[in-house]
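J.: my questions are about this predicted structure, shown below with the sequence.
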Amino acid sequence: MTTSSPPALALDGASIDGGLYTDVTDFARHTHWLNGTAAAYSSFGMGVFAVILLAAWWRARREGNAVMTAVLATPFAVIIAYVANTAIKDVFQEPRPCRALPHDFLIEACPPVDDYAFPSNHTTVAFAFVAALFLINRRLGQVALLAAVAMGASRVYVGAHYPHDVGVGALVGTVVSLLVVLAARRFCQPLVQRLRDGALRPLLTAAPPSRHAAGHAAEQDTDRTMQLGRIPAPTSSDAPGRTVDPAAGYAAPGRFPHQAAGDPAGRPARHTAGQGYGRPVEHPTGRPAAQPGAQPTGRAPEWP
C-alpha cells in the first residue's frame, strides 16, 4: 500500500492513540465472524436513527408544541452538526489511520487522501440524533445512545478512525445538536403552532377519537363491569339504581335503593316495634306516630 506524506500542519493521529487503534484492529483480525455485521452497521446504521426519529415524531403528534418543535428541529441540528464537523476536518487535516498505519488490519477500504479522519462524521451525526432525542423522549434517547455507541465503536473496528476521532465527533454532535434544538424550542414554537393549525395539521397533530368510537368504548366498559358484578354501592345522593347485597358483595338484581329487602312491591321500609335502635314507630306517611298514652296538645308534633 502506498503512503502519502501528510500536510505540514496536519494532526498526527497515530501519535495520540495509534496503539489503541492497533489493538482494536487486531481484535477485528481475530473475530472474522463479526466483521461482516460490523461493516454493515458502520455503513448503513444511520437508518436506525431515522427510524427512532420517526417513532419520536409519531409520539409527538399527541404532545405539546415544545416536543414537536424539537422533533422538527432534529434534522436541521444533524445537518448543522455535520457541516461543523466537516469544517473541523478541513482545519486539522488528519490523515486516515489506514495511511499512517498501513500494516494494520482493515475491513473498510481506505478512503481518498483528502477524506480526513478527525473528527468522525458518522459519530458526529449519530450523537447529534442522540442529543436531540433525549430532549424529545428520554427512553428513545437511551435507545439512540446505545446505537450511537455501537456506531462509534464500529468505526474504529473497521479501521476507518482512531478512537479520539470518535470521541471528539461525539462531543461535536452533542454540543451542536443541543444548541440548535434548544434554540428552536425557545424561538420557533409559535411557528410550529401555526403549522399545526394549518395545512400540515394531519402530519403534526393526532386526530382525536370520534365521539361515536368513544361512546362505544364507554358502553363496552360498562357492560364488562356489570358482568363482573363490580357495581359500587350507591349513596343517598345517587340516582335510582341497583343496590349492593352486603352479604354477597355484588349488585342484587332487580332491587333499587327505595326498595327494602323482602318488599318486592317497592314500598318504603318502615321501622316496627323493637327496631330502629329505640326510635319511635314511623307513620306510613313519613311523620312520627303518636306514642301510646300521649295526650293531644293541639299543636303540630315536633320532628325528631
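T.: That came through fine. Quick caveat: nothing in here was measured; it's all calculated off a predicted structure. Numbering: from 1, shown residues only.

J.: helix, strand or coil: sort out Pro190 for me.
T.: Under the three-state scheme (DSSP: H, G, I helix; E, B strand; the rest coil), Pro190 adopts helix.

J.: contact partners for it?
T.: Applying CB atoms under 8 Å, 6 or more residues apart in numbering to Pro190 gives no contacts. Yep, even glycine has a C-beta here, placed from its N, CA and C like the rest.

J.: what's the pLDDT at Val91?
T.: pLDDT, Val91: 89.

J.: ok but it is inside a helix, no?
T.: Yes - using three-state DSSP, the assignment for Val91 is a helix.

J.: show me where the chain has strands.
T.: Residue ranges of the strands in the chain, as given by DSSP state E, are 244-245, 250-251.

J.: for the closest residue to Arg96 other than its chain neighbours, report the pLDDT, please.
T.: Once flanking residues are discounted, Arg96 sits nearest to Ala117: 4.7 Å by CB to CB, 6 or more residues apart in numbering. Per-residue pLDDT puts Ala117 at 87.

J.: next one: phi and psi at Ala117?
T.: Dihedral pair for Ala117: phi -100, psi -30, per degrees, to the nearest 10.

J.: residues in contact with it?
T.: Going by CB under 8 Å, 6+ apart, the list of residues near Ala117 reads Gly13, Lys89, Glu94, Pro95, Arg96, Pro97, Ala160, His161, Tyr162, Asp165.

J.: can you pick the most crowded of those?
T.: Asp165 (32 neighbours; other CB atoms under 10 Å).

J.: distance of it relative to Pro190?
T.: 40 Å (CB to CB, to the nearest Å).

J.: Leu140 and Val149: what is the separation?
T.: Relative to Val149, Leu140 is positioned 15 Å away (CB to CB).

J.: those two: which is more packed in?
T.: Neighbour totals were compared for Leu140 and Val149, and Leu140 leads with 19 against 16 (other CB under 10 Å).

J.: next, count neighbours for Gln189.
T.: 16.

J.: that one contacts Ala70, correct?
T.: No - look at Gln189 against Ala70 with CB atoms under 8 Å: they stay out of range, at 9.9 Å.

J.: what number of residues lie near the nearest residue to Asn85 once chain neighbours are set aside?
T.: Once flanking residues are discounted, Asn85 sits nearest to Thr124: 4.2 Å by CB to CB, 6+ apart. If you count neighbours by other CB under 10 Å, Thr124 ends up with 30.

J.: isn't Thr124 right up against Gly173?
T.: Yes - counting by CB under 8 Å, Thr124 touches Gly173, with 4.0 Å between them.

J.: so what's in contact with those two at the same time?
T.: The overlap between the contact sets of Thr124 and Gly173 (CB under 8 Å, 6+ apart) consists of Ala81, Asn85.

J.: dihedrals phi and psi, Pro102?
T.: Residue torsions, per degrees, to the nearest 10, at Pro102 are phi -70, psi -20.

J.: so how far is Ala14 from it?
T.: Pro102 sits 11 Å away from Ala14, going by CB to CB.

J.: and Pro202, by the same measure?
T.: 54 Å.

J.: compare neighbour counts for those two and give me the winner.
T.: Neighbour comparison, Pro202 and Ala14: the larger count goes to Ala14, with 18 against 10 (by other CB under 10 Å).

J.: give me the nearest residue to the more buried one, chain neighbours excluded.
T.: Nearest in space to Ala14, with sequence neighbours left out and distances taken as CB to CB, 6+ apart, is Ala100 at 4.3 Å.

J.: surely that neighbour touches Gly13?
T.: Yes - counting by CB under 8 Å, Gly13 is a contact partner of Ala100 at 6.5 Å.

J.: buried residues in stretch 28-39, which are they?
T.: By 16 or more other CB atoms under 10 Å, the buried positions in stretch 28-39 come out as Ala28, Ala38, Ala39.
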